[in-house]
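A.B. asks: pasting a predicted model and its sequence here:
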Amino acid sequence: MVGDLRLHEFPSRVYRNTRKLRVWLPPDYDAPENATRYYPVFYINDGQNLFDPTTAFAGVEWQVDETADRLIREGKIPPLILVGIDNAQSDRIKELLPYRSFSPTVLRPQGKRYPEFLMNEVMPFVDERYRIGGGPENTGLGGSSLGALISLYTVMDCPGTFGRLLVESPSLFVSNRRILKYSRYFREWPERIVIGVGTREAGREDKDRQVVEDVRELQRIMQHAGLGDDRLRVRIDVGAGHNEAEWAKRFPEALTFLFGK
């Protein structure tokens, strides 16, 4: 663990449960000379997996604190605040799925309430306690797997709110690729987007090919909406699987592109 990580017990009215918010502050956040400084903020789903191997899935974390600290000190990104939003564990899939699904089987998904949870509960809570810069250029959202799916959904549900989007190994297959159909009609994409995926995500050749093809389709949709290389970065990692270790490896490049000068 590197830097100042603050944990908040966070009760949600929308989801009627409690989880942790993990707020990582950049170097010298509390220094007197920074007392009036406001910072960009990056909200990332599945907060348990970001900072700490003891809470991370399979004991492997994204190392977002080490990465952010290093990139800030090297001057590659400005000082920023990272907010890990813990998942609800047994209710994770239900909360992060915006559509009814038969694989995985979730007939009463609650993902359509996620934008309300984020915009009306999490963001005001963080805003009240920390010096957060305003506007989409200072606001990022991201995640992996279903956390990436719900990030993509939320960005489209709340256009103009998020200027930075990280989509790692997104579960685009859900509900017969409904999110891709939804994406085709959307135009107000964030200013910078990173999509990452491996060629061994599913562990079965036909499914692996489909996962990559879905990401390529999302890339084409965004390019068709006018996103050039200055706004969209897509990384397809040969041989990479669907796990925290791969997302950790890709995070430095992603963070630099999303928030770099």
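C.D. replies: All right, it came through fine.

A.B. asks: now the helices for the stretch 1-150 of the chain?
C.D. replies: Assigned helices in the stretch 1-150 of the chain, in chain order: 64-73, 92-96, 114-117, 123-129, 146-157 (criterion: DSSP state H, counting those that start in this stretch).

A.B. asks: out of those helices, which one sits most buried?
C.D. replies: helix 146-157 (a mean of 25; mean count of other Cβ atoms under 10 Å). Yep, even glycine has a C-beta here, placed from its N, CA and C like the rest.

A.B. asks: and it, what does it pack against?
C.D. replies: strand 41-45, helix 92-96, helix 114-117, strand 139-144, strand 164-168, helix 174-183 (3 or more Cβ pairs under 8 Å, 6 or more residues apart in numbering; DSSP states H and E).

A.B. asks: quick one, that helix and strand 41-45 angle?
C.D. replies: Per axes from the mean of the first three to the mean of the last three Cα atoms, to 10 degrees, the angle that helix 146-157 makes with strand 41-45 is 130 degrees.

A.B. asks: wait, doesn't Gly241 sit right on Val197?
C.D. replies: No. Judged on Cβ atoms under 8 Å, Gly241 makes no contact with Val197 at a distance of 10.4 Å.

A.B. asks: picking that back up, dump the helices of the stretch 1-150 of the chain to JSON lines, plus distance to Val106 and mean pLDDT.
C.D. replies: Output for these, formatted as JSON lines (distance: least, Cβ to Cβ, whole Å; pLDDT from 0 to 100):
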{"stretch": "helix 64-73", "distance to Val106": "28", "mean pLDDT": "98"}
{"stretch": "helix 92-96", "distance to Val106": "6", "mean pLDDT": "95"}
{"stretch": "helix 114-117", "distance to Val106": "13", "mean pLDDT": "98"}
{"stretch": "helix 123-129", "distance to Val106": "26", "mean pLDDT": "98"}
{"stretch": "helix 146-157", "distance to Val106": "10", "mean pLDDT": "98"}
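
A.B. asks: what would the ones you listed look like in TSV with distance to Leu255?
C.D. replies: Converted to TSV, the helices of the stretch 1-150 of the chain look like this (distance: least, Cβ to Cβ, whole Å):
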stretch	distance to Leu255
helix 64-73	6
helix 92-96	22
helix 114-117	23
helix 123-129	19
helix 146-157	15
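
A.B. asks: on that earlier part again, save the helices and strands packed on helix 146-157 as CSV, and put in distance to Met1 too.
C.D. replies: Listed next are the helices and strands packed on helix 146-157 as CSV, based on distance: least, Cβ to Cβ, whole Å:
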stretch, distance to Met1
strand 41-45, 16
helix 92-96, 23
helix 114-117, 27
strand 139-144, 20
strand 164-168, 21
helix 174-183, 33
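
A.B. asks: closest to Ile81 out of those?
C.D. replies: strand 41-45 (4.7 Å; Cβ to Cβ).

A.B. asks: helices and strands around that closest one, which ones?
C.D. replies: Against strand 41-45 (3+ Cβ pairs under 8 Å, 6+ apart) you get strand 81-85, strand 139-144, helix 146-157, strand 164-168, helix 244-259.

A.B. asks: rerun at 6 Å
C.D. replies: If you count contacts as 3 or more Cβ pairs under 6 Å, 6 or more residues apart in numbering; DSSP states H and E, strand 41-45 packs onto strand 81-85, strand 139-144.

A.B. asks: with only the CA atoms kept, save the longest one in CSV.
C.D. replies: In other words, strand 139-144. Extracted in CSV, the C-alpha atoms of strand 139-144 (Å, rounded to 0.1, in the frame of the first residue of the first chain):
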residue,chain,number,x,y,z
THR,A,139,-14.3,13.1,-13.7
GLY,A,140,-13.5,9.5,-14.7
LEU,A,141,-15.3,6.2,-14.4
GLY,A,142,-14.2,2.7,-15.1
GLY,A,143,-14.0,-1.0,-14.2
SER,A,144,-13.5,-4.5,-15.4
